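Enquirer: next one to model:
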Amino acid sequence: MTRGVIRPGRPWLDTKGERIHAHGGSIITVDGVHYWYGENKERSVPGSGIWHWGVRCYSSTDLVNWTDRGLIIPPDEHDPDSPLHPTQFLDRPHIVHNADTGKFVCWIKVMTRGSVQRSTVLTADSILGPYTIVRSWLRPLHMSAGDFDLVVDPYDGKGYYYFERVHSELICADLTDDYTDVTGHYSTHFPQPQPPFVREAPAHFTRNRLHYLLTSGTTGYYPNPSEAAVARSYHGPFTVLGDLHPDDPSGTSFHSQISSVFRHPGKKDLYIALADRWLPGYLVDGAQARQAFVEHFASGRDGDEPMAELATVDTSLADYVWLPMRFDGERPVIEWRDEWSPEDFD
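Expert: Model prediction:
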């Protein structure tokens with residue numbers, strides 16, 4: 001059998017030879033099959049007015065070769081007020097399985113103009129859907145909830161929801177027993193006065209009874225250094241460990257933003273950081289991109305609001321940067337590899 005390899009930052013094609021569209025994505029393993037899902041950006045070309053075309057899912061048994069399983073959450077083309085309408089700023093779906101209810105529960109963030117961001121919750125009996133909206137335009141804890149991650153404790157089944165309280169701090173909130181809402185109990189972390197210092201894109205994982213949170217700064221599609229923090233419980237307190245990519249001369253997490261961390265269930269200690277390279281051209285034209293970002297903040301606009309400069313960004317051409325993590329004691333470190341294979345790990 002040919003050893004399959006992952007080539008970070010290179011266009012990734014599915015088994016039909018077409019670009020994979022699972023951005024801001026995560027992986028969930030069901031009955032030994034890995035399912036990679038995320039934002040479908042195939043129609044999000046400049047001038048289209050289309051932010052997303054639903055949530056797409058792919059399946060694989062080796063993490064290298066992915067079969068398109070279609071739109072598990074299609075866009076709602078007919079209702080402009082639906083959170084699933086293609087012009088709504090739908091981002092970062094996360095799916096967890098509830099062992100008690102048997103449901104797959106999906107949360108999605110939807111940005112609105114300005115700094116208000118809301119959540120939509122859907123459930124399904126199968127990972128591949130169909131999904132039904134059970135809550136829409138939700139403001140968890142009466143807060144504007146941005147980038148997030150969903151976590152289920154493997155021992156007691158309790159659910160947690162890590163989210164950016166927009167332009168303020170990071171929140172860890174307990175989920176209700178069915179994972180479709182929050183209970184009201186929460187903790188706060190990493191308070192910051194404003195973007196780009198506010199932490200977003202939280203990705204949680206556990207290792208050796210420690211809880212890790214990987215986050216980025218608030219710089220829209222423009223990449224910035226990721227940061228790791230560690231704690232002994234879901235609610236912290238967290239100790240900041242610093243940049244995950246200390247050998248990256250660009251200081252931009254290899255020109256990417258981590259969306260989630262996948263612990264391989266069949267390997268001893270393989271943790272994979274899944275990241276998007278939203279702006280492949282940023283590698284070539286970094287000075288211009290940085291200047292646009294500086295001017296954006298100088299204008300008084302915020303970091304999460306879709307930027308006017310991004311009107312010409314073609315997210316349909318965004319790539320992926322998947323890299324394994326190693327650990328220097330308790331500190332996670334990500335190093336560049338031109339190519340690598342999950343089969344290289346025990």
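Enquirer: I'd like to know which helix or strand in the protein has the lowest mean pLDDT.
Expert: helix 286-298 (a mean of 56; mean pLDDT, DSSP states H and E).
Enquirer: just checking, what packs against the following helix or strand past that helix?
Expert: Next helix or strand after helix 286-298 toward the C-terminus (DSSP states H and E): strand 319-328. Contacts defined by 3 or more CB pairs under 8 Å, 6 or more residues apart in numbering; DSSP states H and E place strand 319-328 against strand 271-277, strand 331-334. C-betas here are computed from N, CA, C, even on glycine.
Enquirer: any idea of the angle strand 319-328 forms with strand 271-277?
Expert: 150 degrees (axes from the mean of the first three to the mean of the last three CA atoms, to 10 degrees).
Enquirer: so residue 170: helix, strand or coil?
Expert: strand (DSSP: H, G, I helix; E, B strand; the rest coil).
Enquirer: can you tell me how far it is from residue 202?
Expert: Using CB to CB, to the nearest Å, residue 170 is found at 6 Å from residue 202.
Enquirer: swap in residue 326?
Expert: Residue 326 is 21 Å from residue 202, by CB to CB.
Enquirer: cool, residue 78 as well?
Expert: As defined by CB to CB, residue 78 lies at a distance of 33 Å from residue 202.
Enquirer: ok, the two, which is more surrounded?
Expert: Using other CB atoms under 10 Å as the criterion, residue 78 and residue 202 rank with residue 202 on top: 27 against 7.
Enquirer: and that one, what element?
Expert: strand 200-207.
Enquirer: would you mind checking the average pLDDT for that strand?
Expert: Averaged across strand 200-207, the pLDDT comes to 98.
Enquirer: which residues touch that strand?
Expert: With contact meaning CB atoms under 8 Å, 6 or more residues apart in numbering, strand 200-207 is reached by 92, 146-149, 151, 160, 162-164, 170, 211-218, 257-261, 263, 269, 271, 273, 304, 327.
Enquirer: go with 6 Å
Expert: Residues from elsewhere that reach strand 200-207 (CB atoms under 6 Å, 6 or more residues apart in numbering): 146-147, 149, 151, 162, 164, 212-216, 218, 257-258, 260-261, 263.
Enquirer: what subset of those is buried?
Expert: Buried members of those, scored by 16 or more other CB atoms under 10 Å, are 146-147, 149, 151, 162, 164, 212-216, 218, 257-258, 260-261.
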